[in-house]
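Sequence unavailable; structure follows:
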């Protein structure tokens, strides 16, 4: 038996035929068409899935289930997607609509959630009894996996790691709250801190890397300058690591997973990030002499979305 | 079959014979003797348990297991207690020692953890698929219950809700960290805020209730004055509710349990506290139109320790 995983994104939709061990046997993809009605978008996805299935040498009889990871809120119980802003979806019956084309079990969940599941099945946290996946990108997303299954909470609104509160009445967040974790631990936070720093210290290497245009700063520039020991970039980097370590310690204090996996754009900084985080987290751990979660970098990259979606159950 | 639950405390040890539904059939107790060696303390506990069992009209043949809730860190897997400061224990083999007296399965966990389990079996969150219990006392403790079982984490260091970080580089905590949740959500936090407030506003009713002695202030005085609409007490109360609501929202954003149960001394403020918390939490909820955890007060009171310990498995 094989499964199909669909990684739904605002610019493209990736489809994969995946075996039980999480290996991708065949891939396909279409461009996202948010200009089309929902039913039409689903019809295109299903057609792509069927075509990819055929190319993989399998038939519908071999197909166990179809899973989709969406960049929004997905109710895994009802198959309804309450919010998916990037796709222009609001309260859409994804499962029912998809089953008009492929009458198999259709599973859905949030895209960060399925990426975490993928790592837990075929990635860096494979086989862990529990893991928390944190995507460090424009925002911060995440997922919780317990005994190989996604934990989305009792109402499907959990694992919104980016919106845990890390600072009482802190930085205003796009969600309307203040002090959300993603205001301190996202790429956006690094960029904000770097802009503030170079306004006071225009001699920083960051200013050279962005050609003196603060609006062009990205997280990589800050990491690159910190790697070269630029004092201002180092200060921003140290502050970011301190925030991220406090967020990780907070998750350990509450949930104590076996593994914490860092993914998303920021995690591309690799061991420069990971080594700093691993060195900083113990400062904030409650029981300093007891074992706690190992901290790892995600390793599946862009395939995580397809693999994790296929692994939904 | 019946079970024995032992509630280990720094001043007294309560023992109960408990049926499968979480009803206490017979109670016993001894005074805590931290002056005695560990083995002797355990011998006294076991003797009390056997005597209570006998009084309940049962024999060892009826006894399924013995559970103990301890005010410290307890490793449920090994039966070892790494830290239990109130009892003067450090790395003691509780299970092995206890089994010298009663050779049955001996289960241990943290006292806040077992209180949460008790509420999930026989209290306000009975039958919930998941619940988070928060004890609001001198500090803040808690527990996580998933599908009727305690979740202490992969390394047994989880559900330390009081030491989640709620303020980056915030108030210094007794644990050595800064900004821990219990610095803002405990009775101690209410007292600290009240002392600061009456130093600036000595005309507050709080000052009358404590006879002008700030060192005598307790959380009840602040709640009592707030109930009487004293403006300073009301301000402290509102600030406390805002902090507690942000902490609860943070737990919902991360874990999304079916129920959140508030226990501990502060929860004795009853509906005055609960109504205010329920009104405040929605301000900090991410998905404001979707259902989220119901928030309740613990209802088992001092018996929770015995019942929960007996329910350990």
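Okay, I see it. Keep in mind that what you see is a predicted model, and the values were worked out from it rather than measured. Residues are numbered from 1 along each chain as shown, chains lettered A, B, ... in the order given.

what's the single longest helix in chain A?
helix A:231-255 (DSSP state H).

How far away from the center of its chain is whichever helix or strand comes after that one?
Per DSSP states H and E, the first helix or strand lying C-terminal to helix A:231-255 is strand A:259-263. Here the centre of strand A:259-263 is set off from its chain's centre by 10 Å, with Cα atoms, centre = their mean, to the nearest Å.

Check what contacts stretch A:52-62 and list those residues.
A:1-2, A:4, A:15-17, A:25-28, A:63, A:102, A:104 (Cβ atoms under 8 Å, 6 or more residues apart in numbering or on different chains). Every residue, glycine included, has its C-beta placed from N, CA and C.

and with 6 Å instead?
Stretch A:52-62 has contacts (Cβ atoms under 6 Å, 6 or more residues apart in numbering or on different chains) with A:2, A:15, A:17, A:25-26, A:28.

so which of those residues is the most crowded?
Highest neighbour count within the contacts of stretch A:52-62, by other Cβ atoms under 10 Å in any protein chain shown: residue A:15, with 29 neighbours.

residues touching that residue, list them.
A:6, A:28, A:48-49, A:52.

Closest to residue A:284 out of these?
residue A:6 (38.1 Å; Cβ to Cβ).

tell me the contacts of the nearest residue in space to the closest one that is not next to it in sequence?
Nearest non-adjacent residue to residue A:6, counting by Cβ to Cβ, 6 or more residues apart in numbering or on different chains: residue A:68, 4.2 Å away. Each residue near residue A:68 by Cβ under 6 Å, 6+ apart is listed here: A:6, A:8, A:108, A:309.

Just the buried positions in the longest helix of chain A, please.
For helix A:231-255, a neighbour-count test (16 or more other Cβ atoms under 10 Å in any protein chain shown) marks A:232-237, A:239-255 as buried.

Run through the residues that contact the residue of the stretch 51-200 of chain A found nearest chain B.
In the stretch 51-200 of chain A, the residue that lies nearest chain B is residue A:153 (2.3 Å; Cβ to the nearest Cβ). Residue A:153 makes contacts with residue B:256, as judged by Cβ under 6 Å, 6+ apart.

Show me the beta-bridge partners of residue A:151.
Taking DSSP bridges as the rule, residue A:151 bridges to residue A:144.

Count the neighbours of it for me.
Residue A:151 has 21 nearby residues by other Cβ under 10 Å.

ok, now how distant is it from residue A:157?
Distance, residue A:151 to residue A:157, using Cβ to Cβ, to the nearest Å: 12 Å.

Report pLDDT for residue A:14.
Per-residue pLDDT puts residue A:14 at 97.

Repeat that for residue A:194.
98.

does it really touch residue A:207, like I thought?
No - Residue A:194 is not in contact with residue A:207 according to Cβ atoms under 6 Å; the separation is 9.4 Å.

Tell me which of those two has more neighbours.
Shown here are residue A:194 and residue A:207; by other Cβ under 10 Å, residue A:194 has more neighbours (29 against 23).

That one: what's it in contact with?
Going by Cβ under 6 Å, 6+ apart, the list of residues near residue A:194 reads A:206, A:217, A:222, A:236.

Please identify which of those is nearest to chain B.
Closest to chain B, out of all of these and judged by Cβ to the nearest Cβ, is residue A:236, at 14.9 Å.

quick one: secondary structure of the residue of the stretch 51-200 of chain A closest to chain B?
coil (DSSP: H, G, I helix; E, B strand; the rest coil).

Would you mind measuring from it to residue A:109?
11 Å.
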